[in-house]
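Chemist: Fold the following and give me the result.
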Amino acid sequence: MHLRQDRLGQLYSIDRGGRYAIFRETVRNKKTADKPVVLVVGFRLKVLRSSPFFHWLFERLCILTTPFWSGFRGFMIKLWMVNTKTKDYLGIYKWSGKENARIYVENLSKVLHLVSTYGSVWYEIVTSTEFEKYLTRRKQ
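Modeler: Numbers count the residues shown, from 1 in each chain. I've put the predicted structure just below:
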């Protein structure tokens, strides 16, 4: 696994939630056999509110959650993103296998519902396009 640097700061427009900037990208070095899908997960953390310091801290410490999500079968790429105006967070993943993505996101959603503002947690699994094409269409 490694951190990719060349996309940091790039902006993407997401239909549900506005414009997001990448603040970290994590890539698994090992390939998997299942057909890749795009998984998009959005949420707004309730404990951070609008405090710039707490958002700054979260964006640096959230890497500590890596063993949780990278251990699920099918993980390939995760873009860690933030809407700089609303401070909503977004993850865009390349995940190997629709069923693997579903299992992961159902587990993640349980955790996010505990720490996010009511109604802010959402996700979609996109099977109709490749990861890089998905990003290209949304790049600002």
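
Chemist: The longest strand seen in the chain pairs with which strands?
Modeler: The residue-count maximum for a strand in the chain (DSSP state E) belongs to strand 18-27. In the sheet, strand 18-27 lines up against strand 2-3 (antiparallel), strand 11-14 (antiparallel), strand 75-82 (antiparallel) (DSSP bridges).

Chemist: Determine how far the second one lies from the middle of the whole chain.
Modeler: Its chain's C-alpha centre lies 12 Å from the corresponding centre of strand 11-14 when counted by Cα atoms, centre = their mean, to the nearest Å.

Chemist: Ok, the last one next?
Modeler: Computed by Cα atoms, centre = their mean, the separation of strand 75-82 from the middle of its chain amounts to 4 Å.

Chemist: residues in contact with that strand?
Modeler: 7, 12, 20-28, 32, 36, 55, 59, 62, 69-70, 88-96, 104, 131, 135 (Cβ atoms under 8 Å, 6 or more residues apart in numbering). C-beta: built from backbone N, CA, C; applies to glycine.

Chemist: which stretches of this protein have low pLDDT?
Modeler: For the chain, the stretches flagged by pLDDT under 70 are 48-50.

Chemist: go again using 90 as the cut-off
Modeler: By pLDDT under 90, the low-scoring segments of the chain are 1-5, 15-18, 29-34, 45-72, 84-87, 115.

Chemist: which helix in it runs the most residues?
Modeler: Ranked by residue count, the top helix of the chain under DSSP state H comes out as helix 98-115.

Chemist: In the helix or strand that it is followed by, which residues are buried?
Modeler: Toward the C-terminus, helix 98-115 is succeeded by strand 122-126 as the next helix or strand (DSSP states H and E). Residues Y123, I125 are the ones in strand 122-126 that count as buried (16 or more other Cβ atoms under 10 Å).

Chemist: likewise stretch 89-108?
Modeler: Applying a neighbour-count criterion of 16+ other Cβ under 10 Å, one finds 89-98, 100-102, 104-105, 108 buried in stretch 89-108.

Chemist: repeat for stretch 39-54
Modeler: By 16+ other Cβ under 10 Å, the buried positions in stretch 39-54 come out as L39, V40, V41, G42, F43, R44, L45, L48.

Chemist: so how far is F23 from the nearest residue to Q140 once chain neighbours are set aside?
Modeler: Distances taken as Cβ to Cβ, 6 or more residues apart in numbering place L11 nearest to Q140, at 3.9 Å, with adjacent residues excluded. Noted for L11: a distance of 11 Å to F23, by Cβ to Cβ, to the nearest Å.
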